[in-house]
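K.L.:
Here is the input, now give the coordinates:
(one chain, ligands or ions: 1)
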Amino acid sequence: MHVRPGRERDLPGIVVIYNHYVRRSPASFEVLAVGVEDRRDWFEAHAQGGRHQLWVAADDRGRILGWATTSPFRPRAAYATTVESSVYCRTDSLHRGLGTALYSALFHAIRDEDIERIVAAVTLPNPASIGLHRSFGFRPVGVFTRVGRKLGRYWDVAWFERPRVLPSVRNASTEGVRTPAASRSGPPGRHRDIDDDAAPDAERETERELLDDRLPDSFLREEPEPTRARGRGRREAPARPSTLGRRTVRIGTG
Ligand SMILES: CC(C)(COP(=O)(O)OP(=O)(O)OC[C@H]1O[C@@H](n2cnc3c(N)ncnc32)[C@H](O)[C@@H]1OP(=O)(O)O)[C@@H](O)C(=O)NCCC(=O)NCCS
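P.N.:
Residues are numbered from 1 along each chain as shown. Now for the predicted structure:
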């Protein structure tokens with residue numbers, strides 16, 4: 001398996017992966033399948049290096065197994081130093097470290113860019129995505145409730161954030177900071193894109209807060225209320241129990 005910057009000829013493989021989630025999953029809030037032609041401008045916007053990049057994982061035959069991007073967060077100019085990260089893997093290649101490999105490469109590639117924050121949105125429930133983001137030092141910020149309607153029901157979306165570069169586990173642990181990855185897996189170095197020298201002392205106080213394992217109360221809800229979709233008189237699927245409670249999700253809370 002190789003992880004490398006995306007090329008235009010990767011677009012068919014990228015689109016196949018993405019359309020699976022567009023059609024069948026709330027992981028993407030797009031509802032109409034995209035075509036390769038639709039994605040050419042998107043590709044160009046991620047192909048110049050800089051803040052917005054596309055990385056792919058491919059097998060030895062060149063088949064695309066997954067991809068990850070950093071993209072603009074919001075269009076207004078002052079948001080330019082914030083990027084939103086996304087990652088999608090083939091359904092037959094989940095939970096084998098692909099997402100980790102993609103984020104490692106992507107975040108390393110942007111480590112010298114003029115980026116202050118990386119943010120990520122996760123439609124709930126999605127334990128794998130939460131696990132991935134926590135293992136890269138993303139801090140849960142909050143949950144927007146019922147902000148998307150897809151597949152016959154409304155979905156909550158959790159937002160996560162992290163600085164572009166995390167302090168090293170070595171430095172963090174000597175200062176008593178438990179990073180999510182370090183707390184789960186023990187040995188330093190589980191933060192795959194950490195820059196040992198990049199966190200000046202002045203930033204560490206902020207990093208300490210960002211890496212704090214405490215979760216907002218809203219992340220600990222057990223059972224969302226069953227709800228009815230408005231406006232079209234149709235009943236939503238019964239709400240599934242949240243998998244974001246402490247009992248069911250490994251999110252680095254120890
Ligand atoms: C989310 C996704 C990108 C993660 O990639 P992946 O290759 O499956 O994940 P990895 O194997 O690299 O594991 C990443 C972390 O998540 C954890 N994790 C993976 N699957 C998990 C699961 N089902 N439940 C709980 N944690 C899980 C892993 O333990 C790992 O943490 P660790 O390194 O601290 O042990 C992938 O599952 C995917 O493409 N899902 C569908 C699309 C999607 O939801 N994309 C994200 C949109 S926000």
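K.L.:
use CA for all of it now, contacts and neighbours both
P.N.:
OK.
K.L.:
doesn't V56 make contact with M1?
P.N.:
No. In this structure M1 lies outside contact range of V56 using Cα atoms under 8 Å: 10.1 Å.
K.L.:
for the protein, what's the longest helix?
P.N.:
helix 11-24 (DSSP state H).
K.L.:
Is any residue of that helix near the ligand?
P.N.:
No. If you take Cα under 6 Å from any ligand atom as the test, helix 11-24 misses the ligand, and the best it gets is 6.7 Å.
K.L.:
Please spell out which residues along that helix are buried.
P.N.:
L11, P12, G13, I14, V15, V16, I17, Y18, N19, Y21, V22, R23 (16 or more other Cα atoms under 10 Å).
K.L.:
Apart from its neighbours in sequence, what residue is nearest the first one?
P.N.:
Setting aside the residues directly before and after it, L11 is nearest to V36 in space (Cα to Cα, 6 or more residues apart in numbering), at 6.0 Å.
K.L.:
returning to that earlier point: between the buried residues of helix 11-24, which is closest to the ligand?
P.N.:
Of all the buried residues of helix 11-24, the ligand sits closest to Y21, with 6.7 Å by Cα to the nearest ligand atom.
K.L.:
ok, the closest one - contacts?
P.N.:
Counting by Cα atoms under 8 Å, 6 or more residues apart in numbering, Y21 touches A27, S28.
K.L.:
Roughly how far does D156 sit from the ligand?
P.N.:
12 Å (Cα to the nearest ligand atom, to the nearest Å).
K.L.:
In this structure that residue contacts N126, no?
P.N.:
No. The criterion here is Cα under 8 Å, and D156 misses it with N126 at 10.8 Å.
K.L.:
Just say helix, strand or coil for F29.
P.N.:
coil (DSSP: H, G, I helix; E, B strand; the rest coil).
K.L.:
which stretches of this structure have low pLDDT?
P.N.:
168-254 (pLDDT under 70).
K.L.:
try it again with 90
P.N.:
Within the chain, the segments meeting pLDDT under 90 span 166-254.
K.L.:
the strands in it, which residues?
P.N.:
2-5, 54-58, 64-72, 82-89, 117-123, 139-150, 153-163 (DSSP state E).
K.L.:
So which elements touch the fifth one?
P.N.:
To tie it back to what came earlier, the one meant is strand 117-123. strand 82-89, strand 153-163 (3 or more Cα pairs under 8 Å, 6 or more residues apart in numbering; DSSP states H and E).
K.L.:
any chance of those in JSON lines, with mean neighbour count and distance to P140 too?
P.N.:
Shown next, in JSON lines, are the helices and strands packed on strand 117-123 (neighbours: other Cα atoms under 10 Å; distance: least, Cα to Cα, whole Å):
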{"stretch": "strand 82-89", "mean neighbour count": "22", "distance to P140": "14"}
{"stretch": "strand 153-163", "mean neighbour count": "21", "distance to P140": "4"}
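K.L.:
so which of these gets nearest G99?
P.N.:
Nearest to G99 among the helices and strands packed on strand 117-123 is strand 82-89; the distance by Cα to Cα comes to 6.7 Å.
K.L.:
Paired strands for that closest one, with orientation please.
P.N.:
According to DSSP bridges, strand 82-89 forms sheet pairs with strand 64-72 (antiparallel), strand 117-123 (parallel).
K.L.:
got the residues of this structure near the ligand?
P.N.:
Residues of the chain lying near the ligand (Cα under 6 Å from any ligand atom): 27, 86-89, 94-100, 121-122, 127-129, 131-132, 135, 181, 249-250.
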